[in-house]
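Chemist: Model the structure of this input:
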Amino acid sequence: MGYIKARVDPEKLKNKKLDFNEKYPYWQELWTNYTKPYSEVQIQNWKEETQAIEELEQISFVSRNEGLVKIQRIMLEDDTRDYLKNKSHIDGELKWFSILFHDDEMREGIEVRNHGEEVFFNRITKDEAEPIVEMFEKLQLIVEYVPDDSD
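Modeler: Below you'll find the model as predicted:
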């Protein structure tokens, strides 16, 4: 087992003329092909990101403050998946600071960090990683598979 780390090219992020799908070309593919095994997400925002927090209040079942961060947990059902997939950005930027996907047994899976700049696939075999790495490479993200030799 190991993990995949993919990063959006920092030069692409600086380009204010690009829309969300150009900056984060993996977003639709991620939701369409890789989030089905997960039943819940934990989303973190900085407390000053009030608009994003207020929107998530409408669909979260847990909402708590932790230091400078607001943490919200959301069950992944058809309507919430649609919202998170399609209403995820404002002014070309991902609304949420971090997203952590959990399965039914609360095992962590995919992580999206730094407002979508980084994506991690955790606990993944080399064989499982190959098509995901290939997808990120086609989308021109910086990507690597890191095996965990301690298994």
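
Chemist: For the rest of this, base every contact and every neighbour count on C-alpha atoms.
Modeler: Will do.

Chemist: How confident was the prediction at the residue lying closest to residue 148 once chain neighbours are set aside?
Modeler: If the residues on either side of it in the chain are set aside, residue 148 comes closest to residue 2, at 4.5 Å by C-alpha to C-alpha, 6 or more residues apart in numbering. Note on residue 2: pLDDT of 95.

Chemist: do residue 150 as well
Modeler: 55.

Chemist: Pull up the gap between the residue nearest to the spatial centre of the chain and residue 24, please.
Modeler: The structure's the chain has its C-alpha centroid closest to residue 112; by C-alpha atoms, centre = their mean the separation is 2.9 Å. Relative to residue 24, residue 112 is positioned 11 Å away (C-alpha to C-alpha, to the nearest Å).

Chemist: How about residue 78?
Modeler: Residue 78 sits 22 Å away from residue 24, going by C-alpha to C-alpha.

Chemist: Neighbour count: these two, which is higher?
Modeler: Neighbours were counted for residue 78 and for residue 24 using other C-alpha atoms under 10 Å; residue 24 has more, 23 against 8.
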